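*Asks:* Below is the sequence, then the predicted model.
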Amino acid sequence: MVLKVYADRMSQPSRAVIIFCKMNGIDYEEIKVHISKGQHLTSEFAEINPMKQLPAIVDGRFKLFESHAILIYLACAFPGVADHWYPADVSRRSRIHSVLDWHHSNLRRGAAPYVFNTTIAPVLGRPLNPQAAAEAETILTSSLSKLESFWLKGNGRFLLGGNQPSIADLSLVCEIMQLEVLDEKDRARLLDPHKKVQQWIENTRNATSPHFDEVHKVLMKAKEQLQYQRLKAAKNEGGSYMKKPLPSRM
Amino acid sequence: MKLKVYADRMSQPARAVIIFCKLNGIDYEEVRVDISKLQHLTPEYSEINPMKQLPAIVDGRFKLFESHAILIYLACSYPGIPDHWYPADVCKRSEIHSVLDWHHSNLRRGPGIIYQNIISMPVIGRRFNPEAVAEGEKFLSASLSKIESFWLKDKGQFLLGGNKPSIADLSLVCDIMQLEVLDEADRDRLLGPYKKVEQWIENTRSAANPHFDEVHKILLKVKEKRQNLRLKGANNEGGGSAMKKPLLSRI
């Protein structure tokens, strides 16, 4: 029975799991669960993951959710996965755990709500929330700073001084990729100060090519559509659109 | 060089690491970093953990922070640690990872926020935020529900149907213990609906005693002090009307 991966490619952690499977030749069946259609809230999906979140996997009779737990499981359970993804060395492995844990309460807690509350919410029928966006932005900028100054310190191309990517690089870069759907100026404002972060994103993308770009296609299409809508709105407002600050443009 | 554990026993994840060390006979030096005196914000402590949080460990030249990462590191690095804490079996281990990850975004956001606003923020001169407390309560109730109905759904005494505790039980129970500082009526209101959760807390406490109680002494002292203050306040108000008000107005 082939591994089943329940995913929505608009979901950052789903993308990390799919890219990992493709990179490592793990045979799997991708089962699309569309968040925008509320499919993650059905009673059928609750049988797979009672927390109603993506991604989730079913491997034979074994069900698992939480993307970090899934990535670790796949790295350990499937043969031929290169050591750099989840090293056997206890100290290196522990550092990967520490950045994955830090991610939950920092980068993820900043990036995801910021993108949601400035851009994505209307697509899911929810209102934008500038206050939540502002709080999330504080966490996001602090997290990007910490990535630049601490997690990427030293000469390595990847987190923790690594010269090859680990599951932590995949997880965190997929999270930051969600910023692609923001207004270009907003995205640039957030990312431009962080040169190491930008280089690291590119390193991770190259190291996981061609799968990285292929799995991110859905996101890039969404980005295009949102850019088109913004341009349309700008034209309708007679060109004054581009000078207004972000919240009033939503 | 002995393992150093940088901790404040008022911090839930710090307690989990200390109890784990004591239970498993891991030789360590506890280096107290007092959050109420802002010692976690000093440049000296930043050398240990640039994220300025507790706990952190230094094992020889190896530094590590984030309590789940620390618990896993200790379970893997020190000899003689029983398998039930962090099983070698990939599936059981993965399930523990999933509950620890779930914890970050769910339970951890409950008791911590309530406690911070009620206890630690006033101590460091910051104002308590009623909206944050209300949100903390929301996270807490939703999380306790999920623990009751899902993480404790099987027959075992511990999470995931286990009959012996894992690092996940220690981590999550230490978090819930932070609610001990609340008024009894509030604690009962928050925890009372969840019978399996209450039993599980007791199971974890028994399995980890006497260390569990010893490490929680400082928290229970804070609880006593606050109870005395409340009784004093109630006596001054002419008897007991304090107990009926909801949490926020009693702060």
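*Replies:* Yep, that arrived.

*Asks:* quick one: low-confidence ranges for chain A?
*Replies:* Applying pLDDT under 70 to chain A picks out residues A:238-250.

*Asks:* Residue numbers of it in contact with chain B?
*Replies:* Proximity of chain A to chain B is confined to A:50-51, A:62, A:64-66, A:68-70, A:72-73, A:76-77, A:90-91, A:93-95, A:97-98, A:101-102, A:104-105, A:108-109, A:146, A:150 under the rule Cβ under 8 Å from any Cβ of the partner chain. Quick note: C-beta positions are derived from backbone N, CA and C, even for glycine.

*Asks:* Can you show me the helices along chain B?
*Replies:* Counting by DSSP state H, chain B has helices at residues B:12-23, B:43-48, B:67-77, B:90-105, B:111-115, B:121-123, B:130-146, B:167-177, B:184-191, B:195-208, B:211-236.

*Asks:* could those be laid out in TSV, adding distance to B:K4?
*Replies:* Formatted as TSV, the helices of chain B follow (distance: least, Cβ to Cβ, whole Å):
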stretch	distance to B:K4
helix B:12-23	11
helix B:43-48	8
helix B:67-77	12
helix B:90-105	23
helix B:111-115	24
helix B:121-123	25
helix B:130-146	32
helix B:167-177	20
helix B:184-191	34
helix B:195-208	22
helix B:211-236	17
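
*Asks:* one step back: generate a ChimeraX selection restricted to the buried entries among the residues of chain A next to chain B.
*Replies:* The following ChimeraX line selects those of the residues of chain A next to chain B that are buried, judged by 16 or more other Cβ atoms under 10 Å in any protein chain shown:
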select /A:50,51,64,65,66,68,69,70,72,73,93,94,95,97,98,101,102,104,105,108,109,146
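
*Asks:* Could you tell me which of the residues of chain A next to chain B are located in strands?
*Replies:* A:F62, A:L64, A:F65 (DSSP state E).

*Asks:* So which of the residues of chain A next to chain B belong to helices?
*Replies:* Filtering those for helices - DSSP H - leaves A:68-70, A:72-73, A:76-77, A:90-91, A:93-95, A:97-98, A:101-102, A:104-105, A:108-109, A:146.

*Asks:* and chain B, which residues reach chain A?
*Replies:* For chain B, the residues in contact with chain A (Cβ under 8 Å from any Cβ) are B:50-51, B:62, B:64-66, B:68-70, B:72-73, B:76-77, B:90-91, B:93-95, B:97-98, B:101-102, B:104-105, B:108, B:146, B:149-150.

*Asks:* Which single helix of chain A contains the most residues?
*Replies:* Counting by DSSP H, the longest helix found in chain A is helix A:217-236.

*Asks:* in it, what's buried?
*Replies:* Neighbour count says helix A:217-236 has A:L219, A:A222, A:K223, A:L226, A:R230, A:A234 buried, by 16+ other Cβ under 10 Å.

*Asks:* show me the contacts for A:E135.
*Replies:* Counting by Cβ atoms under 8 Å, 6 or more residues apart in numbering or on different chains, A:E135 touches A:P113.

*Asks:* element containing it?
*Replies:* In this assignment (DSSP states H and E), A:E135 forms part of helix A:130-146.

*Asks:* The next helix or strand after that helix to helix A:90-105, inter-axis angle?
*Replies:* Sequence-wise, the next helix or strand downstream of helix A:130-146 (DSSP H and E) is helix A:167-177. If you take axes from the mean of the first three to the mean of the last three Cα atoms, to 10 degrees, helix A:167-177 sits at 20 degrees to helix A:90-105.

*Asks:* What is helix A:167-177 packed up against?
*Replies:* When contacts are defined as 3 or more Cβ pairs under 8 Å, 6 or more residues apart in numbering or on different chains; DSSP states H and E, helix A:167-177 packs onto helix A:12-23, helix A:67-77, helix A:90-105, helix A:107-115, helix A:195-207.

*Asks:* one more time with 6 Å
*Replies:* If you count contacts as 3 or more Cβ pairs under 6 Å, 6 or more residues apart in numbering or on different chains; DSSP states H and E, helix A:167-177 packs onto helix A:12-23, helix A:90-105, helix A:107-115, helix A:195-207.

*Asks:* Please identify the most buried of those.
*Replies:* Highest mean neighbour count of the helices and strands packed on helix A:167-177: helix A:12-23, a mean of 24 (counted as mean count of other Cβ atoms under 10 Å in any protein chain shown).

*Asks:* between that one and helix A:67-77, what angle do the directions make?
*Replies:* Going by the same axes, to 10 degrees, helix A:12-23 makes 20 degrees with helix A:67-77.

*Asks:* Within the sheet, what are the partner strands of the helix or strand immediately after helix A:12-23 in the chain, with directions?
*Replies:* Moving toward the C-terminus from helix A:12-23, the next helix or strand (DSSP H and E) is strand A:28-32. When pairing is defined by DSSP bridges, strand A:28-32 lines up against strand A:3-7 (parallel).

*Asks:* So for the partner strand, what gets flagged as buried?
*Replies:* Across strand A:3-7, burial judged by 16+ other Cβ under 10 Å covers A:L3, A:K4, A:V5, A:Y6, A:A7.

*Asks:* so what's A:F65 up against?
*Replies:* Applying Cβ atoms under 6 Å, 6 or more residues apart in numbering or on different chains to A:F65 gives the contacts A:N49, A:A56, B:S98.

*Asks:* gap between the two ends of stretch B:116-133?
*Replies:* Stretch B:116-133 stretches 9 Å from its first residue to its last (Cα to Cα, to the nearest Å).

*Asks:* Stretch A:174-183 too?
*Replies:* End-to-end distance (Cα to Cα), stretch A:174-183: 18 Å.

*Asks:* Stretch B:84-92 now?
*Replies:* 9 Å.

*Asks:* Same question for stretch A:202-219.
*Replies:* In stretch A:202-219, first residue to last residue: 17 Å (Cα to Cα).

*Asks:* what separates it from the chain centre, distance-wise?
*Replies:* Relative to its chain's centre, stretch A:202-219 lies at 12 Å (Cα atoms, centre = their mean, to the nearest Å).

*Asks:* what does stretch B:205-213 give?
*Replies:* Centre-to-centre, stretch B:205-213 and its host chain are 14 Å apart (Cα atoms, centre = their mean).

*Asks:* go on, stretch A:147-163?
*Replies:* Computed by Cα atoms, centre = their mean, the separation of stretch A:147-163 from the middle of its chain amounts to 19 Å.

*Asks:* Any buried residues in it, and which?
*Replies:* In stretch A:147-163, counting by 16+ other Cβ under 10 Å, buried: A:L147, A:E148, A:W151, A:L152, A:R157, A:F158, A:L159, A:L160, A:G162.

*Asks:* try stretch B:210-228
*Replies:* B:H211, B:F212, B:V215, B:H216, B:L219, B:K223, B:R226.

*Asks:* By pLDDT, rank those residues and give me the bottom one.
*Replies:* Lowest in pLDDT among these is B:R226, which has 85.

*Asks:* nearest spatial neighbour of it, skipping sequence neighbours?
*Replies:* Nearest residue to B:R226 in three dimensions, chain neighbours excluded: B:V181, at 6.1 Å (Cβ to Cβ, 6 or more residues apart in numbering or on different chains).

*Asks:* Over to A:P50?
*Replies:* The shortest distance from A:P50 to any non-neighbouring residue, by Cβ to Cβ, 6+ apart, is to B:F150 (5.2 Å).

*Asks:* Identify all contacting residues around stretch A:200-214.
*Replies:* With Cβ under 6 Å, 6+ apart as the contact definition, stretch A:200-214 has outside contacts at A:I19, A:K22, A:M23, A:L152, A:R157, A:P165, A:D169, A:V173.
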